[in-house]
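**Student:** sequence first, predicted model second:
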Amino acid sequence: MHPVLKLVTQRLALGLLLLLAVSVVIFLGVEALPGDTAQAILGQSATPQALANLREQMGLNEPPLTRYFSWLGGILTGDLGTALTNGADIAQSIKQRLGNTLFLAGCAAVISVPLAIVLGLIAARYAGRWPDKLISGVTLTTISLPEFVAAYFVIFLLTQLIPIFQPVAMVLPGMGFWAKLNAVALPVIVLVMVVLAHMMRMTRAAILNVMQSAYIETAELKGLSPMTVIWRHAFPNAIAPVVSVVMLNLAYLVVGVVVVEVVFSYNALGQYLVDHVTKRDLPVVQAVGLIFAAVYIFLNMLADIIGILANPRLRHPK
Amino acid sequence: MTDQLDLMISRVRKGRMNRREFIGRTSAMGISAGLAGALFTKAAHADEPVKGGILRAGVAGGESTNSLDPALAASDVPYMINRTWGETLVDVDANGAVEMRVAEEVSSNADATEWKFKIRAGVEYHGGGTVTAEDVVATLKRHTDEKSQSGALGIVQGIAEMTAEGDMVTLKLASAAADLPFLIADYHLNIQPGGGVDAPAAGIGTGAYKVVASEPGVITTFERFANYWDSSRGHADAVEVLSINDNTARTAAIQSGQVHLINRVDPKIVELLAGNTDVVIEQVAGPGHYVFIMHCDKAPFDNNDLRMALKMSVNRGEMVEKILGGFGTPGNDFPINAAYPLFDDSLPQREYDAAAAAEFYKKSGHDGSPILLQVAPGAFPGAVDAANLFAASANAAGVPLQVKLEPDDGYWSDIWNVAPFCASYWGGRPVQDQMYTTAYLSTAEWNDTKFKNAKFDELLLAARGELDNAKRKGLYSEMAHIVRDEGGLILPMFNDWVEGRRAEVGGWIADPQGTLMNGTALNKCWLTA
């Protein structure tokens, strides 16, 4: 078997194992929350009678182990069940919201990843001089703002002072592509602000690291322009660390943006998950948790594999 | 006098004064009630409704766990949605009177144990067909079913027998209830085809708007129902309820015109909106209130002197000012205010009195150990700050009150109704009987102060069967005195509904019964531009 293929297979198997472990951890975590599902659904207005009825109807009187395995069986057959709270089909709800999550993350990534890398290259080229300081200063400022502060700031700036966008970023079925883009403009701006610095700094650091090598000196002595040296000779050897940071940020864009979703009323998975955690809707929490875990594991695996392919020593092991 | 009258008429036009208040004030000026009534009607209808447009409400209090099943509604977004697509037999109007909706006539026998509702002819469902008496009975029966988890279970439980005959629904009650029509107006009791037994969450009813699409916790869109029976409602072509839980986003959305109406305007930002001519802040004193509740059956709160010491050490004016930003009124330790019919406003307002508190505290013989008040941020908006103010004023009077912070998570299951002294809130009810029955009757399931008083129970039951309003008012007044002076309830403040509307929204009426004109804002308002 080709070593790369073998490696990918190994990683996949490990990933699945990890997912299983994650499902157990999520299950135990939800079990350990104070209060129970029935009480959380009915809230302050719960009568003992209604509580008892709801518990029975939701099968909450079954032992935890039974509930866990019946759910796991459902997952394997593609049946995520229905939400305990409103009886909606979980797979259906998740499908739409996952689409919105990926749309938002995709838009943010398409802008932020190339921008961060280009800025990183420029910063490396002019290391220690004013373009470097300006780029680092600005991106470090935007990452230092908590997301909700950044969100309120762009809401104030772009819906009140210069009213060109809408503060509520709901994406609905039937909206055209441009309408969708217009709707998500503000959250995308905030997310770009938040993820830019990390990737930019990593690109800059990785390039500067490689720039110390002897072969770069050779390239410079050949008379190549500094930008060509960085792009053709330094960057390919700096790809691995950059990719792993890019993947971490992509994962964040998918699983970690609930605050931004809430501020902009964006109907994606994060808010959906938080609502259902509050109501102890176990099947939904587990399903979304698993999806998030899968995204994380997949992206990290991808980073690993790209890192290996980018490194000849790992690509052709002796 | 003309100036004053003009001022009042302009307030009526803006929906800032209701009929009761208008007639009261004008009669004080020597204008006859008949003339005043006519003036009011003229002023209130000065603006003719405008048809068309899409009216949008940005509402806080929606989750992706919501459903269109009216039985399950418990927060503001599903409430608003239910009120937009559905209608109940009767409603309670802005003046606290019963308003006929699906029913066109209500009558009872002499002792209020048997009620007859005549169903309006030709009220159509969105899905076709008209409302029958059988549908009404099936609807009520569904909510009576203990498996329905209906929020209205407590209301319909007292109905012993329901029968449908022709266009008449007869409800026989286990015991007298002079207020039954007010109870039947509960928003969970939307009339559904076949009672909604087959498809409880279909969202099909008889309201002015029919549901086009609904995504829980995000948006529900409606279009005008062409065959709606009441031409005084349903002006916009389409309406939408957007679930916007974030305060800043909701406020920004109304400022930028993305929505036309919002609920729960943060009192802190009202001042900031004052300069904005596009947005009007509407403020209505409602029956909702914030409370600190003591269990009357648990030490040390089983001692009425200690309870009185605590009641005396609340600085109510300060709380209204600091917690509600002035958008509220001080409470008087009983759960009723002027938003209720038959309210007795002659009870003296309880004030902060450190000397009296110290005296009661000494009389109680408490050992001086800290008295714990358990509170979570989610108990009510500003609960932790309110508790700290309470502790500060109590400590100044020598009452050793201490605040214990609890997490929001599990607060309603682990602390409220369990811990002997904690913070909570009540949304209020349309009538006094329902409020007292829900939380102060000895046998009430939500008796969160564990208040058991035989005399009080007796008065409450007597008031239910009393059809003479003057006598009922006397009974309610006596009950108020008992709760105020012996109960476990500390009620520092009633919170106003503070809501925002765009200046181009017409038809706004100040309605104390519930948020956003008792949930009917989308039915009754229109867009002038």
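**Tutor:** Here it is on my side, so go on.
**Student:** pLDDT below threshold where in the chain?
**Tutor:** As the question left the chain open, I've gone with chain A. A:1, A:33-37, A:40-46, A:314, A:317-318 (pLDDT under 70).
**Student:** actually chain B
**Tutor:** In the predicted model, chain B carries pLDDT under 70 at residues B:1-46.
**Student:** domain map for it?
**Tutor:** What automatic domain parsing lists as the domains of chain B is B:2-44, B:87-196, B:207-284+B:497-527, B:289-495.
**Student:** give the burial count for residue B:100, as a bare number.
**Tutor:** Residue B:100: 15 surrounding residues under other CB atoms under 10 Å in any protein chain shown. Where you see a C-beta, it was placed from the backbone N, CA and C, and this is true even at glycine.
**Student:** and what of residue B:140?
**Tutor:** By the measure other CB under 10 Å, the count of residues near residue B:140 is 21.
**Student:** and the helix or strand hosting it, what other elements does it pack with?
**Tutor:** Here residue B:140, judged by DSSP states H and E, is contained in helix B:133-144. Packing contacts for helix B:133-144, counted by 3 or more CB pairs under 8 Å, 6 or more residues apart in numbering or on different chains; DSSP states H and E, involve strand B:114-119, helix B:153-156, strand B:159-165, strand B:168-173.
**Student:** in a markdown table, list those along with mean neighbour count and distance to chain A.
**Tutor:** Converted to a markdown table, the helices and strands packed on helix B:133-144 look like this (neighbours: other CB atoms under 10 Å in any protein chain shown; distance: least, CB to the nearest CB, whole Å):
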| stretch | mean neighbour count | distance to chain A |
| --- | --- | --- |
| strand B:114-119 | 19 | 24 |
| helix B:153-156 | 22 | 7 |
| strand B:159-165 | 14 | 16 |
| strand B:168-173 | 19 | 20 |
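**Student:** returning to that earlier point: and the domains of chain B, which is most packed in?
**Tutor:** domain B:207-284+B:497-527 (a mean of 21; mean count of other CB atoms under 10 Å in any protein chain shown).
**Student:** centre of the chain versus that one, how much separation?
**Tutor:** How far domain B:207-284+B:497-527 lies from its chain's middle: 17 Å, per CA atoms, centre = their mean, to the nearest Å.
**Student:** what about that domain and chain A, any contact?
**Tutor:** Yes - Domain B:207-284+B:497-527 lies within reach of chain A by CB under 8 Å from any CB of the partner chain, at B:213, B:215-219, B:242-246, B:248-249, B:252-253, B:255-256, B:258-259.
**Student:** and the closest residue to residue B:91 other than its chain neighbours, which of the three is it?
**Tutor:** For residue B:91, ignoring the flanking residues on the chain, the nearest one in space by CB to CB, 6 or more residues apart in numbering or on different chains is residue B:99 at 4.5 Å. Of the three states, residue B:99 takes strand under DSSP: H, G, I helix; E, B strand; the rest coil.
**Student:** report the separation between residue B:99 and residue B:87.
**Tutor:** Distance, residue B:99 to residue B:87, by CB to CB, to the nearest Å: 11 Å.
**Student:** how about the contacts made by the residue nearest to residue B:91?
**Tutor:** B:90-93 (CB atoms under 8 Å, 6 or more residues apart in numbering or on different chains).
**Student:** show me which of the residues you listed is closest to residue B:404.
**Tutor:** residue B:92 (38.7 Å; CB to CB).
**Student:** run through the bridge partners of the closest one.
**Tutor:** Beta bridges link residue B:92 to residue B:98, judged by DSSP bridges.
**Student:** list the residues that contact it.
**Tutor:** Contacts for residue B:92 (CB under 8 Å, 6+ apart) come out as B:98-99, B:182, B:185, B:430, B:513, B:518.
**Student:** now with 6 Å, please.
**Tutor:** Contacts for residue B:92 (CB atoms under 6 Å, 6 or more residues apart in numbering or on different chains) come out as B:182, B:185, B:430, B:513.
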